[in-house]
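In: fold the following and give me the result.
(4 chains)
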There are 2 protein chains.
Amino acid sequence: MTESERGPRERMVFSAAQLIRRRGVAGAGMRDVVAHAHAPRGSLQHYFPGGKEQLVNEAVRWAGRYAARRVPRFMAGMTERTPAGLLAAMAGQWTQEYAREGFAGGCPVAAATVACADSVESTREAAAGAFGEWTGAVRGALVEMGVPDARAEGLAVVMVSAVEGAVVVARAERDVRALEAVVRELGPVLDAAVERRDRRHP
Amino acid sequence: MTESERGPRERMVFSAAQLIRRRGVAGAGMRDVVAHAHAPRGSLQHYFPGGKEQLVNEAVRWAGRYAARRVPRFMAGMTERTPAGLLAAMAGQWTQEYAREGFAGGCPVAAATVACADSVESTREAAAGAFGEWTGAVRGALVEMGVPDARAEGLAVVMVSAVEGAVVVARAERDVRALEAVVRELGPVLDAAVERRDRRHP
DNA sequence: AGCCGACCATGACGCCTGTCATAATCACCT
DNA sequence: AGGTGATTATGACAGGCGTCATGGTCGGCT
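Out: The predicted structure follows:
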């Protein structure tokens, strides 16, 4: 999260994602981004000749990659690998942030989608790619845990959708009960989808 | 949806909701709203002395009331009243709109939350109220169908969250598969939560 | 008739935004 | 040393935004 010493370009993309997820796309001005990234203002036109659209798209892609990369890390950190555990880890990431830093931020991909899906095609595509990458990672983890291929994709989409929606509700209510409810009610369904197979032989 | 002949004030609130759900809060200018509502521009300061903030808040509250009112209507329109059927109806509202009019719009409450939750307290409160009203209506319907009180609230929150998230994903992907997956995977869980009781006597 | 409040019309203001033009500075290579 | 391309700096610009001041129009009440 706080790998502060990258190039200015990468810092700006990161800062854009951070500001977008807090204030929305329109609320995150380019001047704010360079200030937040401690980057020179003149670098904007140099690194992002495509303007704000390009910067937003890269921030969205960055967020998608980040979410996807987190999935195997969650898997590695779980003592007992179950689909419900993965869902709990995904939601837990949010509940922990909200407990730590308050309900200031949401998902930048959702923010970009809500603001640009109907007006900026390239951003919509970037958001679709981000969701796809994220869902793909979750689906892979589910298959690895024994969920049959036929259902893994659908369940992964549901997990991502439910968490995404719960984040919005949680932010509005300033209460993580939506995230907790998703874990509580959806978890058992996921575990029930695991195909029985011999586990006695590791 | 198209009760066009209300007072100018109500039309402006309705138009604000429509524009917000398509372009986001920042993308929906006040000039656009009056144009969309075929309302006189001078009425803005008369009916909404609180400025854009007031207008947005009323649009959010209107959307919450609208969503809540739809629930009993869904119930009335179902031949066999089941929790899964209600979820299918809620999601179906979106899939039908997307099939009919394309993926232009999302949920105005989500749009307002994403853009204002951290900057405009009153809007955040309005969004929380809207989600609460909606969830309350769903919870009531679940109880009516035999879901025990203890689980009804949580399941209602999950239904709303999942649909809300699936709408975002669907809009990004220009594909209703997320909505369909939510119905397919979540529906059975809801029906399984219905307490067994004698139904032979209507 | 005369008034008065509700409602509408319009133009202007100040602010902030994204973008660009231009020039200065730096790093590095031959 | 000289030059060359990458990077940074800064100021200006046009456009859009929300808001407001001012004045016009209507309808109903006394």
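In: could you report the neighbour count for residue A:53?
Out: Under the neighbour criterion other Cβ atoms under 10 Å in any protein chain shown, residue A:53 is assigned a count of 15. The C-beta positions use only the backbone N, C-alpha and C, and glycine is treated the same way.
In: give me the element it is part of.
Out: Taking DSSP states H and E as the criterion, residue A:53 maps to helix A:51-77.
In: run the contact check for stretch A:20-35 versus chain B.
Out: Yes - Stretch A:20-35 comes into contact with chain B (Cβ under 8 Å from any Cβ of the partner chain), by way of A:22-27.
In: among the residues you listed, which are in strands?
Out: Judged by DSSP state E, those include no members of strands.
In: which ones are touching the residue lying closest to residue A:146 once chain neighbours are set aside?
Out: With sequence-adjacent residues excluded and distances taken as Cβ to Cβ, 6 or more residues apart in numbering or on different chains, residue A:146 is closest to residue A:194, at 4.3 Å. Residues in contact with residue A:194 (Cβ atoms under 8 Å, 6 or more residues apart in numbering or on different chains) are A:82-83, A:145-147.
In: what is the least confident helix or strand in chain A?
Out: When the helices and strands of chain A are scored by mean pLDDT, DSSP states H and E, helix A:43-47 comes last with a mean of 88.
In: can you point out the buried residues in that one?
Out: Residues of helix A:43-47 classed as buried by neighbour count (16 or more other Cβ atoms under 10 Å in any protein chain shown): A:43-44, A:47.
In: gap between the spatially most central residue of chain A and residue A:8?
Out: The structure's chain A has its C-alpha centroid closest to residue A:67; by Cα atoms, centre = their mean the separation is 4.3 Å. According to Cβ to Cβ, to the nearest Å, residue A:67 stands 24 Å off from residue A:8.
In: host element of residue A:19?
Out: For residue A:19, the element it lies in under DSSP H and E is helix A:8-23.
In: against which helices or strands is the helix holding residue A:53 packed?
Out: In terms of contacts (3 or more Cβ pairs under 8 Å, 6 or more residues apart in numbering or on different chains; DSSP states H and E), helix A:51-77 is packed against helix A:8-23, helix A:30-36, helix A:83-101, helix A:108-116, helix A:121-144.
In: and those: which comes nearest residue B:54?
Out: Of all these, helix A:8-23 sits nearest to residue B:54, with 20.2 Å by Cβ to Cβ.
In: give me the contacts around the closest one.
Out: A:4, A:6, A:27-28, A:32-34, A:36-40, A:43-44, A:47-48, A:55-56, A:58-60, A:62-63, A:104-108, A:111-112, B:115, B:118-119.
In: just the residues you listed that are near DNA strand D?
Out: A:39-40, A:43, A:47 (Cβ under 7 Å from any atom of the strand).
In: what residues sit buried inside the helix holding residue A:53?
Out: Neighbour-count burial for helix A:51-77 flags A:52, A:54-64, A:66-68, A:71, A:74-75 (criterion: 16+ other Cβ under 10 Å).
In: could you check the angle that helix makes with helix A:108-116?
Out: Put simply, helix A:51-77 runs at 150 degrees to helix A:108-116, going by axes from the mean of the first three to the mean of the last three Cα atoms, to 10 degrees.
In: mean confidence (pLDDT) on stretch A:176-188, please.
Out: Mean pLDDT, stretch A:176-188: 96.
In: run a quick neighbour tally on the nearest residue to residue A:123 once chain neighbours are set aside.
Out: Nearest in space to residue A:123, with sequence neighbours left out and distances taken as Cβ to Cβ, 6+ apart, is residue A:116 at 4.0 Å. By the criterion of other Cβ under 10 Å, residue A:116 has 25 neighbours.
In: separation between residue A:116 and residue B:84?
Out: 34 Å.
In: before we move on, what about residue A:56?
Out: 38 Å.
In: same thing with residue A:152?
Out: Separation of residue A:152 from residue B:84 (Cβ to Cβ): 21 Å.
In: who has more neighbours, the two?
Out: residue A:152 (22 against 19).
In: report the buried residues of the helix or strand containing residue A:188.
Out: Using DSSP H and E, residue A:188 maps to helix A:177-192. Judged by neighbour count using 16+ other Cβ under 10 Å, the buried positions of helix A:177-192 are A:177-187, A:189-191.
In: output that helix as CSV, nothing but the C-alphas.
Out: Output of helix A:177-192 as CSV, limited to C-alpha atoms (Å, rounded to 0.1, in the frame of the first residue of the first chain):
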residue,chain,number,x,y,z
ARG,A,177,-23.0,-5.0,8.8
ALA,A,178,-23.6,-5.5,5.0
LEU,A,179,-20.1,-6.9,4.6
GLU,A,180,-20.6,-9.2,7.6
ALA,A,181,-24.0,-10.3,6.4
VAL,A,182,-22.6,-11.2,3.0
VAL,A,183,-19.9,-13.4,4.6
ARG,A,184,-22.3,-15.0,6.9
GLU,A,185,-25.0,-15.9,4.4
LEU,A,186,-23.0,-16.5,1.3
GLY,A,187,-20.1,-18.4,2.8
PRO,A,188,-21.9,-21.7,3.4
VAL,A,189,-23.2,-21.7,-0.1
LEU,A,190,-19.7,-21.5,-1.4
ASP,A,191,-18.4,-24.3,0.7
ALA,A,192,-21.3,-26.5,-0.3
